[in-house]
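Trainee: this is a predicted model, with the sequence first.
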Amino acid sequence: MFNIVSELEFALPEGRVLSDPESLIVYGYDGATAVTGAPEAVVNVRSEEEAVTVLRLAEAHGTPVFPRGAGSGLAGGSIPQGGIALNFAAMNHILEIDTESLMAVVEPGVVTADFQAAVEALGLFYPPDPASLKQSTLGGNASTGAGGPRCLKYGTTREYVRGMHAVLPGGMVLRVGGKYLKSATGYNLSQLFVGSEGTLGAITQLTLRLIPKPPAVGTLLALFDRLEDAAALVTRILGAGILPSVLEFMDKPCIGCIEQVSKLGLPADVDALLLIECDGNPVAVDAELARIATLCTEGGARRVDRATDEEAREQLWKARRSVSPSLSRLRPAKLGEDVSLPRASIVPMVRRIQQIAQEFDVLLPTFGHIGDGNLHPNLVFDPRDAAEMRRVEKAAEALIRAAVELGGTLSGEHGIGLLKKALLPLAVPADNLAIYTRLKQVFDPSGIMNPGKVFG
């Protein structure tokens with residue numbers, strides 16, 4: 001490792017390479033509080049050319065490389081285990097917003113919320129909105145296939161990546177796709193990299209599709225005395241021919257935590273809530289929200305409120321995005337699951353979550369994007385309590401097994417990373433895993449790209 005650090009310091013501008021103990025600690029964790037690691041060096045690249053230099057030298061020395069954005073991932077995907085933490089946070093420029101083609105070209109370190117603000121100022125819209133959007137980067141979003149509340153109507157990051165540059169081990173730059181919507185020209189390699197979690201190469205540029213900004217948006221909050229009534233509303237709303245832009249769910253423990261933080265005046269005894277949003281033509285939005293409010297009332301809602309202005313709407317979203325961090329009020333650590341299910345399995349999965357919490361005597365607050373079947377059961381625990389940790393581990397596996405048995409899979413948007421790779425065979429057939437291995441060998445024959453993540 002000493003030789004490559006010296007070579008990197010010689011080949012890169014001053015200050016790019018860090019190896020002091022404080023920096024190694026800072027880059028040794030991400031948003032997954034259940035796991036940590038440590039690099040042997042950190043390299044803060046500022047250009048594609050610098051990334052090429054790092055990966056050329058890393059391949060020559062057989063040194064592992066762990067690509068990283070803002071470190072907001074929730075599956076341990078960017079956590080280094082030795083080697084080089086390759087940090088792209090300083091590559092944070094929006095290179096182009098093409099208002100005619102409705103495309104943008106960006107560097108991977110652009111923060112998601114900053115990009116959204118820039119395109120919305122031009123009357124355009126970039127829908128993917130992970131809860132960490134104020135810190136997560138577009139490169140990290142692409143690497144994990146990040147989603148967010150608006151996925152029900154608009155899809156995940158995958159639907160918006162039209163092209164990219166990616167540096168492969170050895171320094172080759174793969175350039176694929178472009179500012180066009182359709183292509184029947186060869187393999188779609190950019191989509192292979194979306195969700196690959198840095199195991200194939202390092203993304204250094206993205207071409208992203210934009211859409212016109214919806215002219216109006218409206219938001220409802222519906223409170224339910226029975227969790228199952230809230231879960232059942234999904235099929236009722238969609239069955240009525242309405243496609244909300246957002247259909248979010250929180251159970252009683254989550255509501256209690258966000259009420260402590262946000263003081264929305266939510267009843268302490270409410271069992272579940274739905275946060276529902278529609279966008280588009282103002283007249284259509286009003287009509288859809290009125291119909292949804294009726295469906296909620298008929299479906300058992302105790303109360304249905306509409307945000308009266310943008311300030312009230314922002315307060316609701318602030319509460320929604322505070323759910324995950326607010327769970328620390330229950331226990332010092334958490335393991336955030338990310339199961340994705342067919343809509344027909346939502347109610348059965350909610351029942352299974354309740355059963356698992358009772359069976360293993362664990363705290364299991366649940367929220368998520370219930371409209372597209374992506375639930376986030378969160379196991380909260382005290383890592384100093386060995387007995388509780390054993391119960392949490394068993395409950396985590398039971399959750400994954402329940403999701404797979406109900407036709408679902410391990411992750412909808414967080415990725416596999418370190419946390420879920422041991423359970424990957426539950427959802428992915430052995431033949432598919434063998435193909436994964438062969439694909440990785442094509443792009444990364446020396447196995448230096450984010451080793452130990454996803455599989456293997």
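Mentor: Ah, there it is.

Trainee: the helices in the stretch 301-450 of the chain, which residues?
Mentor: For the stretch 301-450 of the chain, applying DSSP state H, counting those that start in this stretch gives helices covering 310-321, 323-326, 346-360, 386-405, 424-427, 430-443.

Trainee: dump these to JSON lines, plus mean pLDDT, distance to Gln191 and mean neighbour count.
Mentor: Just so you know, the C-beta spots here come from the backbone N, C-alpha and C atoms, and that holds for glycine as well. JSON lines is the format used below for the helices of the stretch 301-450 of the chain (pLDDT from 0 to 100; distance: least, CB to CB, whole Å; neighbours: other CB atoms under 10 Å):
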{"stretch": "helix 310-321", "mean pLDDT": "89", "distance to Gln191": "28", "mean neighbour count": "16"}
{"stretch": "helix 323-326", "mean pLDDT": "86", "distance to Gln191": "28", "mean neighbour count": "19"}
{"stretch": "helix 346-360", "mean pLDDT": "95", "distance to Gln191": "27", "mean neighbour count": "18"}
{"stretch": "helix 386-405", "mean pLDDT": "96", "distance to Gln191": "24", "mean neighbour count": "18"}
{"stretch": "helix 424-427", "mean pLDDT": "92", "distance to Gln191": "20", "mean neighbour count": "16"}
{"stretch": "helix 430-443", "mean pLDDT": "96", "distance to Gln191": "13", "mean neighbour count": "12"}
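
Trainee: dump those helices into JSON lines; add distance to Arg56 as well.
Mentor: Shown next, in JSON lines, are the helices of the stretch 301-450 of the chain (distance: least, CB to CB, whole Å):
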{"stretch": "helix 310-321", "distance to Arg56": "40"}
{"stretch": "helix 323-326", "distance to Arg56": "38"}
{"stretch": "helix 346-360", "distance to Arg56": "47"}
{"stretch": "helix 386-405", "distance to Arg56": "39"}
{"stretch": "helix 424-427", "distance to Arg56": "31"}
{"stretch": "helix 430-443", "distance to Arg56": "15"}
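
Trainee: so which of those helices is nearest Phe10?
Mentor: Evaluated with CB to CB, the helices of the stretch 301-450 of the chain place helix 430-443 nearest to Phe10, the distance being 27.5 Å.

Trainee: residue closest to the middle of this structure?
Mentor: Nearest to the geometric centre of the chain sits Ala146, at 3.7 Å (CA atoms, centre = their mean).

Trainee: quick check: it is in a helix.
Mentor: No. Remark: Ala146 does not belong to a helix; assigned using DSSP: H, G, I helix; E, B strand; the rest coil, it is coil.

Trainee: pull the contacting residues for it.
Mentor: Pro128, Pro130, Ser136, Gly140, Thr156, Thr157, Glu413 (CB atoms under 8 Å, 6 or more residues apart in numbering).

Trainee: do the same with Ala51
Mentor: Ala51 neighbours (CB under 8 Å, 6+ apart): Val45, Leu86, Phe88, Val167, Ala202, Thr204.

Trainee: and the helix or strand hosting the second one, which strands flank it?
Mentor: In this assignment (DSSP states H and E), Leu86 forms part of strand 84-87. Here strand 84-87 has these sheet partners by DSSP bridges: strand 41-44 (parallel), strand 65-68 (parallel).

Trainee: name the surrounding residues that touch it.
Mentor: 4, 27, 39-45, 51, 54, 58, 63-69, 78, 202.

Trainee: got the confidence number for Lys334?
Mentor: Predicted confidence (pLDDT) for Lys334: 87.

Trainee: which non-adjacent residue is nearest it?
Mentor: Val380 (4.5 Å; CB to CB, 6 or more residues apart in numbering).

Trainee: and stretch 259-267, which residues are buried?
Mentor: Of the residues in stretch 259-267, Glu259, Ser262, Leu264, Leu266 count as buried by neighbour count, 16 or more other CB atoms under 10 Å.

Trainee: quick one: secondary structure of the first one?
Mentor: Here Glu259 is recorded as helix under three-state DSSP.

Trainee: so what's it up against?
Mentor: Counted by CB under 8 Å, 6+ apart, Glu259 has contacts Gly265, Leu266, Ala268.

Trainee: any chance of the strands paired with strand 84-87 in JSON lines, with mean pLDDT and distance to Leu122 too?
Mentor: Compiled in JSON lines, the strands paired with strand 84-87 are given as follows (pLDDT from 0 to 100; distance: least, CB to CB, whole Å):
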{"stretch": "strand 41-44", "mean pLDDT": "98", "distance to Leu122": "30"}
{"stretch": "strand 65-68", "mean pLDDT": "98", "distance to Leu122": "30"}
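
Trainee: the nearest residue to Pro214 once chain neighbours are set aside and Leu289, how far apart?
Mentor: Sequence neighbours aside, Asp279 is the residue nearest to Pro214 in space, at 3.9 Å (criterion: CB to CB, 6+ apart). Counting by CB to CB, to the nearest Å, the gap from Asp279 to Leu289 is 10 Å.

Trainee: shared neighbours, those two?
Mentor: Common neighbours of Asp279 and Leu289 (CB under 8 Å, 6+ apart) are Gly218.

Trainee: for the closest residue to Gly373 other than its chain neighbours, the count of nearby residues, please.
Mentor: Spatial nearest neighbour of Gly373, excluding adjacent residues (CB to CB, 6+ apart): Leu341 at 4.3 Å. Using other CB atoms under 10 Å, Leu341 has 23 other residues around it.

Trainee: so Leu341 touches Leu410, yeah?
Mentor: No. In this structure Leu341 lies outside contact range of Leu410 using CB atoms under 8 Å: 11.0 Å.

Trainee: quick one on the thing from earlier: Asn374: which of the contacts of Glu259 is nearest?
Mentor: Leu266 (23.1 Å).

Trainee: flag every buried residue along stretch 159-174.
Mentor: 159-171, 173-174.

Trainee: for Leu341 and Leu410, list the residues in contact with both.
Mentor: Residues touching both Leu341 and Leu410 (CB under 8 Å, 6+ apart): Ala403.

Trainee: against Leu24, how distant is the residue nearest to the centre of the chain?
Mentor: Taking CB to CB, one finds Ala146 at 26 Å from Leu24.
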